[in-house]
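Colleague: Below are the sequence and a predicted model; questions follow.
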Amino acid sequence: MAASQLFNSLLCNPNTPISPPPHHQLRRTTIKCTTTSPPSSSTFNTPSVPPRQPLNLFSAKYVPFNSISSNTPTSESYSLDEVVYRSSSGGLLDVQHDVAALKQFDAHYWKSLFDSRVGKTTWPYGSGVWSKKEWVLPEIDSDDIVSAFEGNTNLFWAERFGKKYLEMNDLWVKHCGISHTGSFKDLGMTVLVSQVNKLRKMKSSTPLVGVGCASTGDTSAALSAYCAAANIPSIVFLPANKISMAQLVQPIANGAFVLSIDTDFDGCMRLIREVTSELPIYLANSLNSLRLEGQKTAAIEILQQFDWEVPDWVIVPGGNLGNIYAFYKGFKMCQELGLVDEIPRLVCAQAANANPLYLYYKSGWNEFHPSKASKTFASAIQIGDPVSIDRAVFALKNSNGIVEEATEEELMDAMALADSTGMFICPHTGVALTALIKLRKSGIIRPTDRTVVVSTAHGLKFTQCKIDYHSKEIKDMACRFANTPVQVKDDFGAIMDVLNNYLDTRAS
Ligand SMILES: *Cc1c(COP(=O)(O)O)cnc(C)c1O
């Protein structure tokens, strides 16, 4: 057989039915065996058999965010199948779940249901997001879900960093960035792209031709990957020269239509909003509250990993500020449904070069001023006009929260120190660690407090700034913890001299 024939025979012929992949077979059986009648009382708590619940018992819809934050009932709501990003008054929307329906099942039921799904291959529940499907997007058909089995990330006991630098024994780093595209944006993107996938299969007068986003890097990487997996066109607006090479290469490799625009993130955001109001392109920015439903599962997962013990503090780096709210929402939902009886205090950590929330907090929540963000190594949070400002303020006020900031030197030093204890974190996690260091120094976070720092992206996406730091090539920065490689001649004696010298300094 000629090579081209062989190649053709490997390609799928649209006329011959192909056998479904293994997870399709799993899907069918899963759906069959989970179709059972609902327990009638709220004391359903004996899952000696694997927990089950019927399909389509739960539901969710969009409501104006301010009806939630001001706790005023509203008649305004939209189906999640509608393409709508703003309320009638132009405010943010929020996904509201039918909590009464969820409450028919007690905390014990939910805990064992979630626990039963961890680490399995059953579609789609093996994903850390879809293992909480009933709390995320309850009505979507499993066959419409686009997932890379994101989530289920390591909650790392940062023993050495905690003990050595902070006299803490109960410090944890939630490595959300060890994920399919290297950032925690995967958590929300699987939800958004799944919903778009469903909408595109539904009959509509204006079918969605694609999905678009403005991005500081990680959102576009996640969007492109999930869209590519589902064969949905993705269009990304990136600020020219403001994101790392590793972030830029991802949407390119995944086949997105990439527009490099000579502006900053806030400029890209304005443009994509205008474009998506003109064209049937679905907006994938976190203005879209669907994404936050996925992001919130990281909070639920933290509680689950601690066997439903509530940590004292959770520190999240913030830029566009959807995520600080998503964490709040995840924790709050666990409290409302009785899985825990309190929520952690939240800390939002900002780069000093992009700190409008910090300034607002420091003014006693007096006046908010969007700003022009300056360049920061924490490029994913280089945002001066955060879309989710209202969400963040609500989350912080209701969690006795705090906002901290980190200068470029502080965040790079914190990153270097963390790396020297065996982690390999991104600059945003450096911002969060700086907040922790400051709050430890001021005594607000105590040595015995159980504290979780959310690590939001993989360090390997940000190698250039690490190289510059360790070569002490950053302007106006001492790079105090740089570990500079030693240049040595190809000579045994020279190498022995250098090594002996090194071993002496280590011994002293
Ligand atoms: C998006 C992002 C954040 C911040 O999330 P916001 O919701 O924009 O506040 C932090 N770190 C990384 C790596 C991100 O990609």
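Modeller: Arrived safely.

Colleague: can you list the residues of the stretch 301-450 of the chain near the ligand?
Modeller: Proximity of the stretch 301-450 of the chain to the ligand (Cβ under 6 Å from any ligand atom) is limited to residues P317, G318, G319, N320, L321, G322, N323, A380, I381, C426, H428. Where you see a C-beta, it was placed from the backbone N, CA and C, and this is true even at glycine.

Colleague: now, which of the residues you listed lie within helices?
Modeller: In this view, those that belong to helices under DSSP state H are G322, N323, H428.

Colleague: Can you tell me the SS state at the closest residue to V403 other than its chain neighbours?
Modeller: Residue nearest to V403 in three dimensions, not counting chain neighbours: Y361, with 3.8 Å by Cβ to Cβ, 6 or more residues apart in numbering. Following DSSP: H, G, I helix; E, B strand; the rest coil, we place Y361 in the helix state.

Colleague: Between the residues of the stretch 301-450 of the chain next to the ligand, which has the least confident prediction?
Modeller: Least confident entry in those, by pLDDT: A380, with 92.

Colleague: and that residue, how many neighbours?
Modeller: 28 (other Cβ atoms under 10 Å).

Colleague: Where does the closest residue to it other than its chain neighbours sit: helix, strand or coil?
Modeller: Nearest in space to A380, with sequence neighbours left out and distances taken as Cβ to Cβ, 6+ apart, is T216 at 4.7 Å. Under three-state DSSP, T216 falls in the coil class.

Colleague: Now do the contacts for T216.
Modeller: P239, K242, I243, F265, G319, S379, A380, I381, Q382, I383 (Cβ atoms under 8 Å, 6 or more residues apart in numbering).

Colleague: let's go with 10 Å and repeat that
Modeller: 238-239, 242-244, 247, 264-265, 268-269, 319-320, 354, 373, 378-383 (Cβ atoms under 10 Å, 6 or more residues apart in numbering).

Colleague: got the residues of the chain near the ligand?
Modeller: 183, 185, 218, 286, 317-323, 380-381, 426, 428, 456-457.

Colleague: swap the cut-off to 5 Å and go again
Modeller: Within reach of the ligand by Cβ under 5 Å from any ligand atom, the chain has these residues: 183, 218, 317-323, 380, 428, 456-457.

Colleague: Export those to CSV and append columns for distance to F58.
Modeller: Conversion of those to CSV gives the following (distance: Cβ to Cβ, whole Å):
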residue, distance to F58
S183, 29
D218, 30
P317, 32
G318, 30
G319, 32
N320, 28
L321, 28
G322, 23
N323, 24
A380, 33
H428, 33
T456, 29
A457, 32
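
Colleague: Figure out how far the one helix or strand L417 maps to is from the centre of its chain.
Modeller: For L417, the element it lies in under DSSP states H and E is helix 408-420. Between the centre of helix 408-420 and the centre of its chain there are 22 Å (Cα atoms, centre = their mean, to the nearest Å).

Colleague: helices or strands next to it in the packing?
Modeller: In terms of contacts (3 or more Cβ pairs under 10 Å, 6 or more residues apart in numbering; DSSP states H and E), helix 408-420 is packed against helix 159-166, strand 345-351, strand 402-406, helix 427-441, strand 451-455, helix 463-470.

Colleague: Can you give me the buried ones in the second one?
Modeller: If I follow you right, that is strand 345-351. Within strand 345-351, the residues that count as buried by 16 or more other Cβ atoms under 10 Å are R345, L346, V347, C348, A349, Q350, A351.

Colleague: residues in contact with L238?
Modeller: Applying Cβ under 10 Å, 6+ apart, the residues near L238 are 213-217, 219-220, 247-248, 251, 256, 258-261, 263, 265, 268.

Colleague: repeat for P239
Modeller: Residues in contact with P239 (Cβ under 10 Å, 6+ apart) are 214-217, 260-269, 379, 382.

Colleague: Tally up the residues packed near the residue of the stretch 151-300 of the chain found nearest the ligand, please.
Modeller: Across the stretch 151-300 of the chain, no residue is closer to the ligand than D218, which sits at 3.4 Å (Cβ to the nearest ligand atom). D218: 29 surrounding residues under other Cβ under 10 Å.
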